[in-house]
Structures are given as C-alpha cells and as structure tokens.
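Student: structure for this input, please:
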Amino acid sequence: MAGDRQQLMTDYVAALQRRGDITPYFAPDVVWRTMETGEEVVGAANVAGYIHTFHTVLFDAAARLRSLVVADDFACVEADFVGRHTAEFAGVPPTGVEVEVAYCVTYGLSGAGITWLHAYLPLSQLLGQLGAGAAAG
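Tutor: Numbers count the residues shown, from 1 in each chain. Okay, the predicted model is just below:
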C-alpha cells in the first residue's frame with residue numbers, strides 16, 4: 001500500500017512538472033488550503049484548475065522539486081516556485097518579473113488519491129518579489 005502511495009505522488013509530481021492533467025490524482029472531494037490566507041478550493045477539477053492557473057496563467061512557472069517524502073497516508077513536497085509573472089495576481093498587474101520562492105505542500109492520501117493539500121507558500125515574499133511589498137502587508 002505504501003508503495004502505491006509513493007508511485008501516486010511520484011506520478012503526480014511528474015505530471016505537475018510537465019504541466020499535464022493532475023485531476024486524476026485527486027479524490028473527488030479533495031480540499032486545497034493555502035495556509036497563509038486560509039483560502040480553500042474544493043473538488044478535483046477545481047483544485048487542478050487552481051494549480052494549473054497559478055503555474056500557467058498568473059505565472060509562467062514550474063515547480064522545481066527539492067524533496068518528496070511519502071509515509072503511509074501522508075506526503076510532503078518541498079519545491080521552488082520558479083517563473084515569470086504574466087497576469088494580474090493579488091491586484092498586481094503583470095510585471096514580467098522573474099520570481100523564485102521556496103514552498104512546501106503537505107498531502108493527505110487514501111486509496112481514492114490525494115484527499116487534501118496544505119500549501120505553505122509565502123505569498124508576502126512572492127508579492128515582495130513583484131515589487132508589491134506594501135500590498136503584501
């Protein structure tokens with residue numbers, strides 16, 4: 001069972017990095033939570049769309065993997081969000097600025113797939129890199 005979860009996460013990260021469809025890796029009622037803001041997104045298609053939009057619309061960005069740990073019904077990804085700001089984000093118009101922010105996402109896992117994601121993304125740091133330090137506070 002643990003091997004299946006390791007493969008699930010390895011395949012998920014690979015799909016994320018190649019900008020493939022990540023919807024099949026999620027349980028139907030998966031919940032994404034941005035820990036800094038408390039924002040939640042619910043449902044496989046909605047969560048996949050949210051992640052896709054962040055990486056391909058708001059930014060032209062990639063997740064540069066640092067580490068992946070899978071243990072029983074839990075996983076953790078540490079990565080760098082690396083890319084260029086291409087659309088309005090948090091009230092900041094597109095700047096074309098290159099960004100690089102370290103982040104971590106923890107995952108709940110079950111036989112149905114990924115059941116929850118807790119994203120520890122320092123949004124204030126990201127906004128600061130966009131020159132919006134005052135907007136971040």
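Student: for Gly128, see how far away the most centrally placed residue in the chain is.
Tutor: Residue closest to the average C-alpha location in the chain (Cα atoms, centre = their mean): Ile51, at 5.5 Å. Distance, Ile51 to Gly128, by Cβ to Cβ, to the nearest Å: 22 Å. All C-beta spots, glycine's among them, are computed from the backbone N, C-alpha and C.
Student: and stretch 38-47, average pLDDT?
Tutor: Regarding stretch 38-47, the rounded mean pLDDT is 97.
Student: quick one, longest helix in the chain?
Tutor: The residue-count maximum for a helix in the chain (DSSP state H) belongs to helix 2-17.
Student: elements contacting that one?
Tutor: strand 59-71, strand 74-85, strand 98-110, strand 113-120 (3 or more Cβ pairs under 8 Å, 6 or more residues apart in numbering; DSSP states H and E).
Student: relative orientation of the next helix or strand after it and helix 2-17 in degrees?
Tutor: Per DSSP states H and E, the first helix or strand lying C-terminal to helix 2-17 is strand 26-34. On the basis of axes from the mean of the first three to the mean of the last three Cα atoms, to 10 degrees, strand 26-34 is oriented at 60 degrees to helix 2-17.
Student: paired strands for the next helix or strand after strand 26-34, with orientation please.
Tutor: Next along the chain after strand 26-34, taking DSSP H and E as the criterion, comes strand 40-42. According to DSSP bridges, strand 40-42 forms sheet pairs with strand 26-34 (antiparallel).
Student: residue contacts, Val70?
Tutor: Val70 makes contacts with 2, 5-6, 9, 109, as judged by Cβ atoms under 8 Å, 6 or more residues apart in numbering.
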